[in-house]
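Undergrad: No sequence on hand, only this structure:
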């Protein structure tokens, strides 16, 4: 069950539904978020569509139902499976509610910034690889064998400029590190709290 699949399913099934009837397993849950686009979704096990010929690796469709949009209070089944999504936000990982959880505090991550970070990291990795390959193929200057006529000259190996080679390595490494950090910092974090 991946976040990308869950996000796609959530977009396709975003209609609000009737909250569960009050029972011993239900509770009121508060959703607070750093971004008002965040929405709480609930996995609906009663509507789980799987290809009749489902095999390992075959696509499956999971149904996620919108519970409410932040900030909000909602009556939920604490035994359910949830996630937080939103337009332009990085979907959170699916999670279940622990005992005595009354509030979900969401720090939303930007999907655009995450994509930008990943692209920068991939470009940096490519540049670093090119620089390392250039360094690996560099040949040292050689001397002609004893008795070689000076009139014939002696060709030296043609190597790329050292500044270019190490420029690829250094700039690529910086882009890889920064891009990875940016992408990692754009995860949507859900912090459960017992306080309302």
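TA: Thanks, I have the structure now. Note that the structure is predicted; figures quoted are calculated from it, not measured.

Undergrad: which one's the longest helix in the protein?
TA: What stands out as the longest helix in the chain, according to DSSP state H, is helix 111-136.

Undergrad: Okay, buried residues for that one please.
TA: By neighbour count with 16 or more other Cβ atoms under 10 Å, helix 111-136 contains the buried residues 111, 114, 117, 118, 120, 121, 124, 125, 127, 128, 131, 134. For glycine as for every other residue, the C-beta is placed from the backbone atoms N, C-alpha and C.

Undergrad: of the residues you listed, closest to residue 169?
TA: Closest to residue 169 out of the buried residues of helix 111-136 is residue 131 (3.4 Å), distances taken as Cβ to Cβ.

Undergrad: quick one, what contacts that closest one?
TA: Residues in contact with residue 131 (Cβ atoms under 8 Å, 6 or more residues apart in numbering) are 165, 166, 167, 168, 169, 170, 172.

Undergrad: which of the residues you listed lies closest to residue 66?
TA: Nearest to residue 66 among these, counting by Cβ to Cβ, is residue 172 at 42.2 Å.

Undergrad: which residues of the protein fall in helices?
TA: Secondary structure of the chain (DSSP H): helices located at 3-12, 111-136, 162-184.

Undergrad: how about those, which one is nearest residue 69?
TA: Among the helices of the chain, helix 3-12 sits nearest to residue 69 (Cβ to Cβ), with 12.5 Å.

Undergrad: Could I get the average pLDDT for that closest one?
TA: Mean per-residue pLDDT for helix 3-12: 43.

Undergrad: Then stretch 161-177?
TA: Stretch 161-177 comes out with an average pLDDT of 87.

Undergrad: what's the answer for stretch 29-40, then?
TA: Per-residue scores along stretch 29-40 average to 91.

Undergrad: do the same with stretch 127-141
TA: 81.

Undergrad: Then stretch 183-196?
TA: 84.

Undergrad: Stretch 89-102 too?
TA: Averaged across stretch 89-102, pLDDT comes to 88.

Undergrad: Quick check: buried residues in that stretch?
TA: Under the neighbour-count criterion of 16+ other Cβ under 10 Å, stretch 89-102 has 89, 90, 91, 92, 94, 97, 101 buried.

Undergrad: thought the fourth one was touching residue 191?
TA: No. With contacts counted by Cβ atoms under 8 Å, residue 92 stays clear of residue 191, the gap being 10.6 Å.

Undergrad: which residues do the two both contact?
TA: Common neighbours of residue 92 and residue 191, using Cβ under 8 Å, 6+ apart, are residue 106.

Undergrad: And the chain, what are its domain boundaries?
TA: Domain ranges of the chain: 3-49+58-110+187-193, 112-138+157-184, per automatic domain parsing.

Undergrad: Mind putting these into TSV with distance to residue 145?
TA: As requested, the domains of the chain are exported to TSV (distance: least, Cβ to Cβ, whole Å):
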stretch	distance to residue 145
domain 3-49+58-110+187-193	62
domain 112-138+157-184	16
